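Visitor: give the three-dimensional model of this entry:
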Amino acid sequence: MRLMLGLERGSGSATFGGRTYAELANPLRTVGALLDAKAVHPARTACNHLRMVAAGAGIPTQRVREVLSLVGLDDVRHRRIGGFSLGMHQRLGLATAMLGDPEYLILDEPANGLDPEGVHWMRTFLRGLASEGRVVLTSSHLLSEISMTADELVVIGQGRLIASRPTRDFVDTYTRSEVVVRTPQAAEFEMRLRQAGLRARCEEPEVVVVTGVDADVVSARAAQSGVRVRELHTRRSSLEDAFLAATSNATQYRGEAA
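Guide: The predicted structure follows:
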């Protein structure tokens with residue numbers, strides 16, 4: 001992200017609408033960034049901090065109140081930033097990024113420090129921005145949250161690109177789904193599935209897990225076999241499972257189990 005914004009030097013290039021960040025006439029109106037939420041003067045108020053940034057970018061002062069309301073900080077706009085919690089810093093950083101009403105947003109761990117309500121709000125807010133046609137690039141180690149937010153994933157391990165693809169495709173590529181059947185005839189059904197050449201195993205006394213086929217195939221086999229089914233569903237792997245599988249050879253620090 002620092003490379004994209006010209007804060008670090010490296011090979012390659014990143015462009016926004018065909019121009020690098022350095023070539024943008026008024027960068028804040030094109031690209032909004034949140035890289036370090038704590039990188040603000042603690043003695044300033046939230047309102048004065050945003051007024052200073054707005055003045056430097058030629059943005060009208062009334063925009064300050066607008067973005068403070070957007071992120072839920074309007075009631076504390078006259079409080080000194082030094083007394084803010086980490087979650088409040090994150091909201092202020094997002095307000096700063098939104099000052100210029102940019103087309104592109106680059107956000108580093110935007111949900112860090114937020115409470116559950118704040119995390120839900122952030123997810124909804126970012127999805128709303130994307131639905132308006134903006135490009136929202138976020139980095140995060142909260143994979144469960146990313147799975148509910150991101151349309152596309154870029155996975156990097158030890159500085160190398162591992163994958164760049166839609167989230168669902170990434171999960172499907174690195175994991176496999178299973179069909180779970182709950183039946184009082186589990187042992188019998190497992191045997192019949194194996195006889196038909198399917199991969200099946202009893203996971204519990206009344207639970208059969210089938211891999212390699214979809215739920216329709218398993219349902220049809222159950223009907224043909226006269227098996228009483230109490231529950232049948234597809235169990236999909238999580239984004240975390242896929243991430244661990246994809247990055248298994250790029251793990252830098254490996255701890256032992258407790």
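Visitor: quick one: the strands in the stretch 151-258 of the chain?
Guide: 152-157, 160-166, 178-182, 199-204, 207-211, 231-235 (DSSP state E, counting those that start in this stretch).
Visitor: pretty sure Leu107 is touching Ala97, no?
Guide: Yes. The criterion here is CB atoms under 8 Å, and Leu107 meets it with Ala97 at 6.8 Å. In this view, the C-beta of every residue, glycine as well, is placed from N, C-alpha and C.
Visitor: domain assignment for this structure?
Guide: As assigned by automatic domain parsing, the chain contains the domains 21-150, 177-238.
Visitor: export the ones you listed to a markdown table and tack on mean pLDDT, mean neighbour count and distance to Gly10?
Guide: Below are the domains of the chain laid out as a markdown table (pLDDT from 0 to 100; neighbours: other CB atoms under 10 Å; distance: least, CB to CB, whole Å):
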| stretch | mean pLDDT | mean neighbour count | distance to Gly10 |
| --- | --- | --- | --- |
| domain 21-150 | 93 | 17 | 13 |
| domain 177-238 | 91 | 16 | 33 |
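Visitor: circling back: how about the strands of the stretch 151-258 of the chain in JSON lines, adding distance to Arg221?
Guide: Output for those, formatted as JSON lines (distance: least, CB to CB, whole Å):
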{"stretch": "strand 152-157", "distance to Arg221": "35"}
{"stretch": "strand 160-166", "distance to Arg221": "31"}
{"stretch": "strand 178-182", "distance to Arg221": "9"}
{"stretch": "strand 199-204", "distance to Arg221": "9"}
{"stretch": "strand 207-211", "distance to Arg221": "9"}
{"stretch": "strand 231-235", "distance to Arg221": "11"}
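Visitor: what's the closest of those strands to Gly133?
Guide: strand 152-157 (15.0 Å; CB to CB).
Visitor: neighbouring strands for the closest one, and are they parallel or not?
Guide: strand 160-166 (antiparallel) (DSSP bridges).
Visitor: do you have the helices of the stretch 1-150 of the chain handy? List them.
Guide: Per DSSP state H, counting those that start in this stretch, the stretch 1-150 of the chain carries helices over the ranges 46-56, 62-70, 86-98, 116-131, 143-149.
Visitor: what's the third one packed up against?
Guide: Based on contacts counted as 3 or more CB pairs under 8 Å, 6 or more residues apart in numbering; DSSP states H and E, the elements that helix 86-98 packs against are strand 31-34, helix 46-56, helix 62-70, strand 104-108, helix 116-131.
Visitor: between helix 46-56 and the third one, find me the angle.
Guide: Using axes from the mean of the first three to the mean of the last three CA atoms, to 10 degrees, the direction of helix 62-70 lies 140 degrees away from that of helix 46-56.
Visitor: repeat for the fourth one
Guide: Taking the same axes, to 10 degrees, one finds that strand 104-108 is oriented at 140 degrees with respect to helix 46-56.
Visitor: and Arg194, how far from Val217?
Guide: Per CB to CB, to the nearest Å, Arg194 is found 14 Å from Val217.
Visitor: at the geometric centre of this structure, which residue sits there?
Guide: In the chain, the C-alpha nearest the mean C-alpha coordinate belongs to Ile146, at 1.9 Å (CA atoms, centre = their mean).
Visitor: pull the contacting residues for the residue nearest to that residue when sequence neighbours are not counted.
Guide: Leaving aside its chain neighbours, Ile146 sits nearest to Ser140 (5.2 Å; criterion: CB to CB, 6 or more residues apart in numbering). The contact partners of Ser140, taken as CB atoms under 8 Å, 6 or more residues apart in numbering, are 109-111, 146.
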